[in-house]
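Enquirer: Structure of the sequence below:
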Amino acid sequence: MFKGRLTGKKAFSLLELVIVVVIIGIIAAIAIPRMSRGTAGAADSALTGDLAVLRNAIELFAAEHDGKYPTLAKIANQLTLYTDSTNTTDPVAAKDKDHPFGPYLRAVPKLPVGANKGKDTFTATAPPGTDAAGWYYDETTGTVKANCADGEKDVTDKKYSDY
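Expert: Next comes the predicted model:
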């Protein structure tokens, strides 16, 4: 006694499966480009944040050292270690009576964009992007910028060196 259909067993038809796959494909086609634009924007935001932190640290250093900015040769140590008020001795790792100021940063941030991405060193070679350091720094004005070439731009076509 054969009945035309098996009872009790349920499954999706081929048409239902095809419709689900098409819907997932449409959602993926919309979502993936939006997510990839978000990663580029995240690097741009990281650069903006890192520059703000560096600039604030340099200005705080200058405020505590009679308006004198960190020197290019010692900027990483001057921002991450303890310094004296005259900035005449080398920075030290432990605070003492002769080195009461700092540290202003835990570590120098790494450049998050461009050809020098991942570098945390400083250069004064102008224009920015002509040296393999992460940051461009002018010790006479306290200016710090991303050390990126003119051709390196964000998603809005703004040069990273102009941030």
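Enquirer: Residues contacting stretch 55-65, please?
Expert: 68-70, 78-79, 83, 85-87, 101-102, 104-105, 142, 144 (Cβ atoms under 8 Å, 6 or more residues apart in numbering). (Glycine included, C-beta is placed from N, CA and C.)
Enquirer: Least confident of those residues?
Expert: Lowest pLDDT among those: Asn87, with 82.
Enquirer: what's that residue in contact with, if anything?
Expert: Taking Cβ under 8 Å, 6+ apart as the test, what Asn87 contacts is 65, 68, 70-71, 78.
Enquirer: ranges for the helices of this structure?
Expert: Per DSSP state H, the chain carries helices over the ranges 14-64, 75-80.
Enquirer: I'd like to know which elements the last one is packed against.
Expert: Where contact means 3 or more Cβ pairs under 8 Å, 6 or more residues apart in numbering; DSSP states H and E, helix 75-80 is packed against helix 14-64.
Enquirer: average model confidence for the helix it packs on?
Expert: 88.
Enquirer: Can you give me the buried ones in stretch 93-101?
Expert: 99, 101 (16 or more other Cβ atoms under 10 Å).
Enquirer: How far off centre is it?
Expert: 30 Å (Cα atoms, centre = their mean, to the nearest Å).
Enquirer: picking up where we left off before, could you provide the contacts of Asn87 in TSV, with additional columns for neighbour count?
Expert: Putting the contacts of Asn87 into TSV (neighbours: other Cβ atoms under 10 Å) gives the following:
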residue	neighbour count
His65	18
Lys68	13
Pro70	25
Thr71	12
Gln78	25
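Enquirer: and of these, the nearest to Val22?
Expert: Pro70 (59.8 Å; Cβ to Cβ).
Enquirer: from what I can see the closest one touches Asp138, true?
Expert: No - Pro70 is beyond contact range of Asp138, at 11.1 Å (criterion: Cβ atoms under 8 Å).
Enquirer: mind listing what the nearest residue to Ala107 once chain neighbours are set aside touches?
Expert: Nearest residue to Ala107, sequence neighbours excluded (Cβ to Cβ, 6 or more residues apart in numbering): Thr80, at 6.2 Å. For Thr80, the contacting residues are 91, 102-108, by Cβ under 8 Å, 6+ apart.
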